[in-house]
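Chemist: with the input below, show me the fold.
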Amino acid sequence: MDRVAVLSDIHGVLPALEAVLAEPDVAAADRIVLTGDITAGPQPAEVLDLLRAQGERVLWVAGNADRELVEFRQGRRTEIPDPIGPFAAGALRAEQVDFLAALPATLTLTVSGLGQVLFCHATPRDDEEIVLVDSGPARWAEVFTGLADGIRTVVCGHTHMPYLRLAHGRLVVNPGSVGMPYGRPGAHWCLLGPGVDLRVTPFDTEAAAARLAAECPYEDIAAWADYFLRARATDTEALELFRGRIPPEMTGTGAGA
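Modeler: A predicted model of the protein is given here:
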């Protein structure tokens, strides 16, 4: 692949997804790779319909939030940590639940200039494990355990903050979040090949919030849209929260420090 657009953590926000799909470089990309948490948000069915309408250009990876919606609908869990999760699960059609249930946890592509690239949601081995831009070498060694030597680039999502760094000779890319950004507003994504280009697409968040309020029956949609579309959570707050979720025995040395 010469050019691959990576969209992560859309979280069911249709206006943000529409803005990114309208980008010329996304339209021209050979493939669009989704690195999970596609549907857990206000417009899950609509987001799935739009993405599936793109055909074989779109390659899919499941995230922990997608898995939680599936498990909820299948009766394998009675709660979802995200308050909007039960609403999103109920908004999906049965065939959409089946579609999400069949998505892979990882995907590998050869991308021009980057070689073999592994795409995952959180880490290559777990869909909700946390690594951060400042996680230390020992932490990265843990999450790379068992990864084939030929994979020199790892693309992940999950933490909703974009970054690019080197860890044990591998390039690690997080495109940030399309629909629920932390730190600054806008729909975050990235373009791969031959290098890595972190992008953010501005869109009218006021109009998007009004649209969600009009189209989404979730009872707290106004507050949800205000908080997430306007990126009320700062990057500092998000990093502190995520650091607190890394078990001490899994921190390695310097993880998140």
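Chemist: ok, now which ones touch T234?
Modeler: The neighbours of T234, taking C-beta atoms under 8 Å, 6 or more residues apart in numbering as the test, are Y182, G183. Every C-beta, even on glycine, is put in place using the N, C-alpha and C of the backbone.
Chemist: scratch that, L103 is what I was asking about
Modeler: W60, V61, A62, D66.
Chemist: same question, H11
Modeler: D37, I38, T39, A40, G41, A65, S177, V178, G179, M180, F228 are the contacts of H11 under C-beta under 8 Å, 6+ apart.
Chemist: for the residues you listed, which one is nearest A141?
Modeler: Nearest to A141 out of the contacts of H11 is D37 (C-beta to C-beta; 25.5 Å).
Chemist: quick one: the strands in the stretch 1-150 of the chain?
Modeler: For the stretch 1-150 of the chain, the strands defined by DSSP state E, counting those that start in this stretch cover 4-7, 31-35, 58-61, 106-111, 115-120.
Chemist: just name the most buried of these.
Modeler: Most buried of those, by mean neighbour count (mean count of other C-beta atoms under 10 Å): strand 4-7, with a mean of 27.
Chemist: can I get it in CSV? Just the C-alpha atoms.
Modeler: The C-alpha trace of strand 4-7 is given here as CSV (Å, rounded to 0.1, in the frame of the first residue of the first chain):
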residue,chain,number,x,y,z
VAL,A,4,-3.2,4.3,4.2
ALA,A,5,-5.5,6.5,6.2
VAL,A,6,-5.9,5.4,9.9
LEU,A,7,-9.1,6.3,11.8
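Chemist: check which helices and strands it sits against.
Modeler: Here strand 4-7 touches helix 14-21, strand 31-35, strand 187-192, going by 3 or more C-beta pairs under 8 Å, 6 or more residues apart in numbering; DSSP states H and E.
Chemist: tally of neighbours for the closest residue to G169 other than its chain neighbours?
Modeler: Nearest residue to G169 in three dimensions, chain neighbours excluded: R152, at 7.2 Å (C-beta to C-beta, 6 or more residues apart in numbering). As a burial measure, R152 scores 14 neighbours (other C-beta atoms under 10 Å).
Chemist: list phi and psi for R152.
Modeler: The phi/psi pair for R152 (degrees, to the nearest 10) reads phi -110, psi -10.
Chemist: highest neighbour count among the contacts of H11?
Modeler: Result: D37 is most packed of the contacts of H11 (other C-beta under 10 Å), 33 neighbours.
Chemist: circling back: mind putting the strands of the stretch 1-150 of the chain in TSV, distance to P83 included?
Modeler: Putting the strands of the stretch 1-150 of the chain into TSV (distance: least, C-beta to C-beta, whole Å) gives the following:
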stretch	distance to P83
strand 4-7	24
strand 31-35	23
strand 58-61	24
strand 106-111	28
strand 115-120	26
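Chemist: which one of those strands lies closest to F87?
Modeler: When the strands of the stretch 1-150 of the chain are compared (using C-beta to C-beta), the closest one is strand 31-35, at 21.2 Å.
Chemist: contacting residues for the residue nearest to D30 when sequence neighbours are not counted?
Modeler: Leaving out its chain neighbours, the residue that sits closest to D30 by C-beta to C-beta, 6+ apart is M1, at 4.5 Å. Counting by C-beta under 8 Å, 6+ apart, M1 touches D30, R31, L109, T110, V111, S112, L192, G193.
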